[in-house]
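Novice: Quick check, what structure comes out for this input:
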Amino acid sequence: MPPGYHHDEWEDDLGAFSQAQFDRLADALRNWRVQSGSGLAIFPAEPVRPGLTFALWFRLPGAYATATGRVVYVTSEPDRAGFAYGTLPAHPETGEEAFHLVRNGDRLLFRVRAFSRPRHPLARLGAPVSRVLQRRMNQAYLKAMREAAR
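Specialist: Numbers count the residues shown, from 1 in each chain. Have a look, this model is predicted:
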């Protein structure tokens, strides 16, 4: 995680590892289920792949926002699956966010790691509010994956 950015790491235990559950949730992750389950709209609505440029559209208190990004890598390993994206200039923050399912012994974990700092002038002015919104979004990601795991 680079210096000069806010660093966020979140983890949730999704229960006992099974290959079927891992495969199902990896597919959900590759198809933006975490983001859509958190109230974000994704365009284009296609599976993640390296180099995919996309836009997230979401509601803020009293407004709507669009955030653009590009998938920088996709992980597909026997015990780890997920992806990361970097923000583009039409995103209110600058940074990266990574989402991974990880086998840890007999447990299945969901991890979100991010580093960011405000880019847009309004995000810089409202930095404390931006941080609160980021934390809420990360909690929504964890909840969406928990729901997908049920």
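Novice: This structure: strands as residue ranges?
Specialist: For the chain, the strands defined by DSSP state E occupy 6-16, 41-43, 53-60, 63-77, 80-87, 93-104, 107-118.
Novice: Which residue, neighbours along the chain excluded, lies closest to residue 36?
Specialist: Sequence neighbours aside, residue 42 is the residue nearest to residue 36 in space, at 6.3 Å (criterion: C-beta to C-beta, 6 or more residues apart in numbering). Every residue, glycine included, has its C-beta placed from N, CA and C.
Novice: Surely the one you found is in contact with residue 32?
Specialist: Yes - Residue 42 is in contact with residue 32 according to C-beta atoms under 8 Å; the separation is 4.7 Å.
Novice: So which of these two has more stuff around it?
Specialist: Neighbours were counted for residue 42 and for residue 32 using other C-beta atoms under 10 Å; residue 32 has more, 21 against 15.
Novice: show me the contacts for the more buried one.
Specialist: 40, 42, 45, 47-48 (C-beta atoms under 8 Å, 6 or more residues apart in numbering).
Novice: Could you double-check that residue 44 lies in contact with residue 56?
Specialist: No - contact criterion C-beta under 8 Å: residue 44 and residue 56 do not qualify, at 11.6 Å.
Novice: Give the intersection of the neighbour lists for these two.
Specialist: Listed as contacting both residue 44 and residue 56 by C-beta under 8 Å, 6+ apart is no residue at all.
Novice: Give me the distance between residue 29 and residue 104.
Specialist: The gap separating residue 29 from residue 104 is 16 Å, by C-beta to C-beta, to the nearest Å.
Novice: Between these two, which has more neighbouring residues?
Specialist: Shown here are residue 29 and residue 104; by other C-beta under 10 Å, residue 29 has more neighbours (24 against 13).
Novice: Look up the pLDDT of the nearest residue to residue 33 once chain neighbours are set aside for me, please.
Specialist: Nearest non-adjacent residue to residue 33, counting by C-beta to C-beta, 6+ apart: residue 148, 5.4 Å away. At residue 148, the pLDDT value in this model is 96.
Novice: With residue 126 instead?
Specialist: Predicted confidence (pLDDT) for residue 126: 59.
Novice: So residue 102 sits against residue 79, correct?
Specialist: Yes - with contact defined as C-beta under 8 Å, residue 102 and residue 79 form a contacting pair (6.8 Å).
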